[in-house]
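sequence-free structure coming up:
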């Protein structure tokens, strides 16, 4: 079984972000999911991939991945903030 949980340091993420496009495997490592998950997200529209013009492989732009990760962090924060206070009278 593959372990796709990676703890990238800020320097490694910045080095990755200097590239113009990422392969599906590289994008999966950055996000922390499997390549199959990215394929499913592409089919479902959650994270659409660009296509390489010559070989039609899925590729991802660094800005696209950064925006997606920010959205995921924001949604996690919103879930943490949802608390219900119950008062008894």
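Alright, I've got the coordinates. All figures in this text were calculated on a predicted structure; none of them were measured in a lab.

most centrally placed residue in this protein?
Closest residue to the average C-alpha location of the chain: residue 31 at 3.8 Å, with CA atoms, centre = their mean.

What strand or helix carries residue 38?
Using DSSP states H and E, residue 38 sits within helix 35-44.

Surely residue 30 is in contact with residue 24?
No: the criterion here is CB atoms under 8 Å, and residue 30 misses it with residue 24 at 10.9 Å. For glycine as for every other residue, the C-beta is placed from the backbone atoms N, C-alpha and C.

returning to what we had before: what about the residue nearest to the centre of the chain, distance to residue 47?
As judged by CB to CB, to the nearest Å, residue 31 and residue 47 stand 8 Å apart.

anything in contact with each of these two?
Shared contacts of residue 31 and residue 47 (CB atoms under 8 Å, 6 or more residues apart in numbering): 38, 68.

hmm, back to that, if we look at the very next helix or strand once past the helix holding residue 38, which residues are touching it?
Note on helix 35-44: by DSSP H and E, the next helix or strand toward the C-terminus is strand 50-51. By CB under 8 Å, 6+ apart, the surrounding residues in contact with strand 50-51 are 21, 57, 58, 59, 60, 61.

can you pull up the bridge partners for the residue lying closest to the first one once chain neighbours are set aside?
I take that to be residue 21. In space, and not counting its chain neighbours, residue 21 is closest to residue 59: 4.2 Å by CB to CB, 6 or more residues apart in numbering. In this entry, residue 59 is beta-bridged to residue 23, residue 50, by DSSP bridges.

Would you check how far apart residue 59 and residue 22 are?
As judged by CB to CB, residue 59 and residue 22 stand 6 Å apart.

Residue 41 too?
From residue 41 to residue 22 the distance is 14 Å (CB to CB).
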